[in-house]
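Novice: give me a model of this one.
(chains A and B)
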Amino acid sequence: GAVVSQHPSWVICKSGTSVKIECRSLDFQATTMFWYRQFPKQSLMLMATSNEGSKATYEQGVEKDKFLINHASLTLSTLTVTSAHPEDSSFYICSARTYSGNTIYFGEGSWLTVV
Amino acid sequence: QKEVEQDPGPLSVPEGAIVSLNCTYSNSAFQYFMWYRQYSRKGPELLMYTYSSGNKEDGRFTAQVDKSSKYISLFIRDSQPSDSATYLCAMSVDAGGTSYGKLTFGQGTILTVHP
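Specialist: Numbers count the residues shown, from 1 in each chain, chains lettered A, B, ... in the order given. The predicted structure follows:
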């Protein structure tokens, strides 16, 4: 079964609203989680690194005020897309690194459609 | 120039064929190499990983790394229709340190194995 759970799997929201996506590590603690975005027929692009108890580190070109990341516990990181617009429609995927740092697990992804 | 280049295909082969998937990279700091399989609308699944030049075999899959040429390959023997998916190469500059898990992905190659 999945060791990293994302919720929701699918979400449709209206332009201008905010939407939250959760990434949970199951059965293991993840001090570090990563958020990726994948547009259709394109590769995964790293958006940010989420560290438990500290501020996320964003990749160049990613707006930190638009994509709010909160890693409040060792098993949960959330990505909030604020004031979403149609161009934010994408597949958002998280990954989690085990506490020992040896293994990376990916979530099943969350499809966001902004209408 | 992208850090990681991968032929997007699509690649269509008959069942039982040997499949060769390739990626080139420009960043000589990459030292950890992975191949992921991604089914439509799902998160990526790790197939193989390696951090040294040479070959690594796992069942029907063989990963090959040539650091001098900055070239990696994945070979699939006796391909099956269930192998039909998108295959992504991924790389990391850190093979175990604090930034382990920050992956740079290739564009992905769409593979179809027909009966």
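Novice: quick one, what contacts the residue nearest to the spatial centre of chain A?
Specialist: Taking C-alpha atoms, centre = their mean, the centroid of chain A lies closest to residue A:35, which sits 4.0 Å from it. Residue A:35 sits next to A:23, A:46, A:47, A:48, A:50, A:67, A:69, A:77, A:79, A:92, A:93, A:94 when contact means C-beta atoms under 8 Å, 6 or more residues apart in numbering or on different chains. Placement of C-beta: from N, CA and C, glycine included.
Novice: can you pick the most crowded of the residues you listed?
Specialist: Comparing the contacts of residue A:35 by number of neighbours (other C-beta atoms under 10 Å in any protein chain shown), residue A:94 comes first, having 30 neighbours.
Novice: picking that back up, and the contacts of residue A:35 near chain B, which?
Specialist: Restricting those to those within reach of chain B (C-beta under 8 Å from any C-beta of the partner chain) leaves A:46, A:93.
Novice: CSV for the contacts of residue A:35, including pLDDT and secondary structure?
Specialist: Below are the contacts of residue A:35 laid out as CSV (pLDDT from 0 to 100; DSSP: H, G, I helix; E, B strand; the rest coil):
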residue, pLDDT, secondary structure
A:23, 96, strand
A:46, 94, strand
A:47, 96, strand
A:48, 95, strand
A:50, 90, strand
A:67, 97, strand
A:69, 95, strand
A:77, 94, strand
A:79, 97, strand
A:92, 97, strand
A:93, 96, strand
A:94, 96, strand
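Novice: check which helices and strands the helix or strand bottoming out on mean pLDDT in chain A sits against.
Specialist: Least confident helix or strand, chain A: strand A:104-106 with a mean of 88, by mean pLDDT, DSSP states H and E. On a contact count with 3 or more C-beta pairs under 8 Å, 6 or more residues apart in numbering or on different chains; DSSP states H and E, strand A:104-106 meets strand A:90-97, strand B:45-50.
Novice: ok so, going back, out of the contacts of residue A:35, who's nearest residue A:58?
Specialist: Distance to residue A:58 across those (C-beta to C-beta) is lowest for residue A:48, with 4.5 Å.
Novice: for that closest one, give the beta-bridge partners.
Specialist: Taking DSSP bridges as the rule, residue A:48 bridges to residue A:35, residue A:58.
Novice: that one and residue A:21, how far apart?
Specialist: For residue A:48, the distance to residue A:21 (C-beta to C-beta, to the nearest Å) stands at 13 Å.
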